[in-house]
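> predicted model, plus sequence, below.
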Amino acid sequence: MSDKKSFIAKIEEAILRRTKPKYMDSKEEIDNFLRNTPKQKPPKGIFKMSDSQIYTFGDEDAENTVMFIHGGAYVGEINYQHLLYCFKLSRKLDAQVIAPVYPLAPVHKAMETYEMITEIYKTLDHENLILMGDSAGGGFVLSFAQYLKTVGLPQPSKIIAFSPWVDISMSNLPYDSENDPILGEIGLREIGKSWAGDLDTKDYRVSPLYGDVTGQAQTLIFSGTNEIFYKDIKLYVENLKMSNVDVKFIEGEGLFHIYPLFPSPEAKKAFKEIKEIID
């Protein structure tokens, strides 16, 4: 592990390594998982969900609105880590945060989620709207920003993505699965095929790396340098720069996937960057 990481981040990474899903690094395991994916339900308890499958945090009269699309490689349900982060966003950013519970692979496909998110998006005030997502959710919001242009809907005011999955085809070989404590190439590649459904895995609607980013809203992207998506995210950021998109790329030296969502000094610093772009 890098000496540049805080002690807390090192502990977090060690725990993540011990809990990394076996299906991320085994063709047999991922095939079995996709055939027999356990049923999942959104968390219950202190956070309540509307009948339309949307968690809402904060006041509807808040200055900002955040639509948060959760990660989980398109097969994992929204969890308490996401919900607690959304609660924090609502308190710290003077924002109403909405977090849709969207359809997941392998039972559902990407375009089903597009239908759901598009209908929600149409109801929002876009003036102070931030699209935000982590991992798969981060990749989705970057694709969704491109999709908005094709359906005549306005861009959000800003986009924030944590470790976005920008290429579900996993074409930029080789990938370093060993050093990523959460994700692995073998599992991701098969999940990507399932999520895409009838779409090509290089279709921009599932892999924003291959789309047209011109006219995209101001964008803030975070990535750990030790995560499997790092080099793909760097390519995507270069695409943004070449298209004159206002983008800031924060690279967490020696850090892991979606590190800003974990409680650490590095995450605290990342949140300051978020406040700065919104304020």
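Sure, I can see it.

> what ranges do the helices span in the stretch 51-200 of the chain?
Remark: helices assigned in the stretch 51-200 of the chain by DSSP state H, counting those that start in this stretch are 80-92, 110-122, 136-150, 185-196.

> and among those helices, the most buried is which?
Of all the helices of the stretch 51-200 of the chain, helix 136-150 has the most neighbours on average by mean count of other CB atoms under 10 Å, namely a mean of 24. Just so you know, the C-beta spots here come from the backbone N, C-alpha and C atoms, and that holds for glycine as well.

> and that helix, what does it pack onto?
Contacts defined by 3 or more CB pairs under 8 Å, 6 or more residues apart in numbering; DSSP states H and E place helix 136-150 against strand 64-69, helix 110-122, strand 129-134, strand 158-162.

> of the ones you listed, which is nearest residue 18?
Closest of those to residue 18 is strand 129-134, at 21.0 Å (criterion: CB to CB).

> off-centre distance for the closest one?
The chain centre lies 9 Å from the centre of strand 129-134; the measure is CA atoms, centre = their mean, to the nearest Å.

> so in that sheet, which strands flank it, and in what orientation?
The strands beside strand 129-134 in its sheet (DSSP bridges) come out as strand 64-69 (parallel), strand 158-162 (parallel).

> and of those strands, who's closest to residue 196?
Across the strands paired with strand 129-134, residue 196 has its closest neighbour in strand 64-69 (16.9 Å, CB to CB).

> alpha carbons only: can I get that closest one in CSV?
Taking C-alpha atoms only, strand 64-69 is exported to CSV below (Å, rounded to 0.1, in the frame of the first residue of the first chain):
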residue,chain,number,x,y,z
ASN,A,64,-29.7,22.9,-5.1
THR,A,65,-31.0,19.6,-6.3
VAL,A,66,-28.9,16.5,-6.5
MET,A,67,-29.9,13.4,-8.4
PHE,A,68,-27.7,10.6,-7.1
ILE,A,69,-27.3,7.4,-9.1
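
> hmm, who's touching it?
Here strand 64-69 makes contact (CB atoms under 8 Å, 6 or more residues apart in numbering) with 82, 85-86, 89-90, 93-100, 102, 117, 120-121, 124-125, 128-133, 137-138, 140-141, 144, 156, 278.

> let me know the angle separating it from helix 80-92.
Relative orientation of strand 64-69 and helix 80-92, computed by axes from the mean of the first three to the mean of the last three CA atoms, to 10 degrees: 170 degrees.

> no further questions, thank you.
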